[in-house]
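Asker: Please work out how this folds:
(one chain, ligands or ions: 2)
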Amino acid sequence: MMPTSTRRPSLFTAERGAPLVAPSILSADFARLEEECRAVMDSGADLLHLDVMDGHFVPNLSMGPALCQAVRHHLPETYLDVHMMVTNPGQFIEPFAKAGADNFTVHVECDEDPMELAASIRAAGMSAGLAIKPDTDFSLMKPLVSQFDLLLVMSVHPGFSGQSFIPEVLETTRKLRDLVGPNQHIEMDGGVGPETAIDCIADGCDVLVAASAIFKGDDYAGAIAAIRGN
Ligand code: DX5
Ligand code: ZN
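Answerer: Numbers count the residues shown, from 1 in each chain. Ligands and ions are numbered 1, 2, ... in the order given. Modelled structure (predicted):
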């Protein structure tokens, strides 16, 4: 059987236009998760961002494949972007592929070889992302850029939503902008809201992740439109 993920449209063949807005469900009401996911998608979001934390790579625990599978079950058409803030992401590639994830992003700072991870992620039917923390030297990511479909720049120290945007990471974004091809995405994650999104977009980001800026207010559609720059 083909992986479920191949049935959904890919972000990576979409025509370039307005930046894509990816609500991070980390700030959703977990007890009403289906309703929350539907609400943001019905409010104009392009995809959902799932933050996976292992209590080791970051000092927090969040969600795993079972939650991804539940979201996939209730929202069969929604693109699911999984951000692995874990030390050993390789062991979770198959479980998340089976759970219906579309994109699987690993950190350049993890304990495994990113090139091998990229190959395994694609073999499992997902697209591959590579993330970098704010304080990590870009020289670690640079030689790997061509191997990934999505490059995620962390604009907060990973682990929690609701932190302030670190503007210095825009330098990384600008470096990436000069390296990526037309089929690659640059995603900004952390402290993104209507004001900080402006610089992210100007410096080359085309996928904007936001948790608190969307879920902490009542007007999801207004927040999503404002982040996109409408
Ligand atoms: C942080 C996560 C982010 C986070 C963003 O470790 O990777 O995706 O949920 O939250 P905000 O948008 O509130 O900074
Ligand atoms: Zn994230």
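
Asker: Leaving out the residues flanking it, which one is nearest to Pro167?
Answerer: Asp199 (7.1 Å; Cβ to Cβ, 6 or more residues apart in numbering). To be clear about C-beta, it is placed using only N, CA and C from the backbone, and glycine gets the same treatment.

Asker: Smallest distance to ligand 2 belongs to which residue of this structure?
Answerer: His83 (3.7 Å; Cβ to the ion).

Asker: on that earlier part again, output whichever helix or strand the residue nearest to Pro167 is part of in CSV with nothing but the alpha carbons.
Answerer: If you go by DSSP states H and E, Asp199 is part of helix 194-202. Taking Å, rounded to 0.1, in the frame of the first residue of the first chain, the C-alpha atoms of helix 194-202 are listed here in CSV:
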residue,chain,number,x,y,z
PRO,A,194,2.1,40.0,12.2
GLU,A,195,5.0,42.4,13.0
THR,A,196,7.9,39.9,12.9
ALA,A,197,6.5,38.1,9.8
ILE,A,198,7.2,41.2,7.7
ASP,A,199,11.0,40.8,8.1
CYS,A,200,10.8,37.1,7.7
ILE,A,201,9.0,37.4,4.4
ALA,A,202,11.3,40.2,3.2
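
Asker: Name the next helix or strand downstream of that helix, please.
Answerer: By DSSP H and E, the next helix or strand past helix 194-202 is strand 207-210.

Asker: quick one on the thing from earlier: what are the buried residues along the strand or helix carrying the residue of the chain closest to ligand 2?
Answerer: Taking DSSP H and E as the definition, His83 sits inside strand 80-85. Using 16 or more other Cβ atoms under 10 Å as the test for burial, strand 80-85 gives Leu80, Asp81, Val82, His83, Met84, Met85.

Asker: near ligand 1, which residues of this protein show up?
Answerer: For the chain, the residues in contact with ligand 1 (Cβ under 6 Å from any ligand atom) are 24, 26-27, 49, 51, 83, 85, 156, 158-159, 161-163, 189-192, 209-213.
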